[in-house]
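Student: Mind folding the following:
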Amino acid sequence: MLQKFLFSIVVSKPGTYFDIALVHITGWSLITKLVTLAQKRPYQSSMVFKTIGAKSGQIRTCVLPYQRDGNRYFVVGSKGGAKTDPAWAINARANPSCWMYINRKRVPARAYVAQGEEHERIWQRMMDAGVELYREYQKSALPRIIPIVILEPLRAPGKNK
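Tutor: Numbering: from 1, shown residues only. Below you'll find the model as predicted:
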């Protein structure tokens, strides 16, 4: 009950702004913590992700849990199993220039949506790791295929240039 109440406050517009600031300052997301607690899963590392709006051309900012794939990162556009892709995924498709803030470091990157074998390999990796929730999200989202957005850093995190 308390968790649901906290979650409703945290995912409000002011709560989202607070979470963005929290990840910038600490590298840790309260929203991700509450979601993973509710799902009875361990906390997943989160980043501040900045894209360029597909329609507006404005910088758009959100907090996303991420995973590593070698020297790259990936984020999953599940949107809780909704029938439409999240705005950040639409933005990344329209303009692959983006920025990640990982461990309090700004990292410019290029984004693309995994296709074919690459999508299947990463999806299977998530299933093997026990992230079964994504399977339920995919069923709800049909006929939409949940995008996996690959983020390729243009420089190593922590390197200034």
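
Student: any idea how far Tyr73 lies from Gly81?
Tutor: 23 Å (C-beta to C-beta, to the nearest Å). From N, CA and C alone the C-beta is placed, and that goes for glycine too.

Student: what about the two, which has more around it?
Tutor: Tyr73 (24 against 16; other C-beta atoms under 10 Å).

Student: Mind listing the strands the helix or strand where the more buried one lies pairs with, and their directions?
Tutor: Applying DSSP states H and E as the criterion places Tyr73 in strand 72-76. According to DSSP bridges, strand 72-76 forms sheet pairs with strand 67-69 (antiparallel), strand 148-153 (antiparallel).

Student: Let me know the next secondary structure element after that strand.
Tutor: Defined by DSSP H and E, the subsequent element after strand 72-76 is helix 87-94.

Student: Just the buried positions in that following helix, please.
Tutor: Within helix 87-94, the residues scored as buried using 16 or more other C-beta atoms under 10 Å are Ala87, Trp88, Ala89, Ile90, Asn91, Ala92, Arg93.

Student: Stretch 47-62 now?
Tutor: So for stretch 47-62, counting by 16+ other C-beta under 10 Å, buried means Met47, Val48, Phe49, Lys50, Thr51, Ile52, Ala54, Arg60, Thr61, Cys62.

Student: contacts for that stretch?
Tutor: Residues from elsewhere that reach stretch 47-62 (C-beta atoms under 8 Å, 6 or more residues apart in numbering): 16, 20, 23-24, 63-64, 66, 73, 75, 87-88, 90-95, 97-102, 111, 151.

Student: Over to stretch 114-128?
Tutor: Counting by C-beta under 8 Å, 6+ apart, Gln67, Asp69, Phe74, Val76, Val113, Tyr134, Arg135, Ile145, Pro147, Ile148, Val149, Ile150 sit against stretch 114-128.
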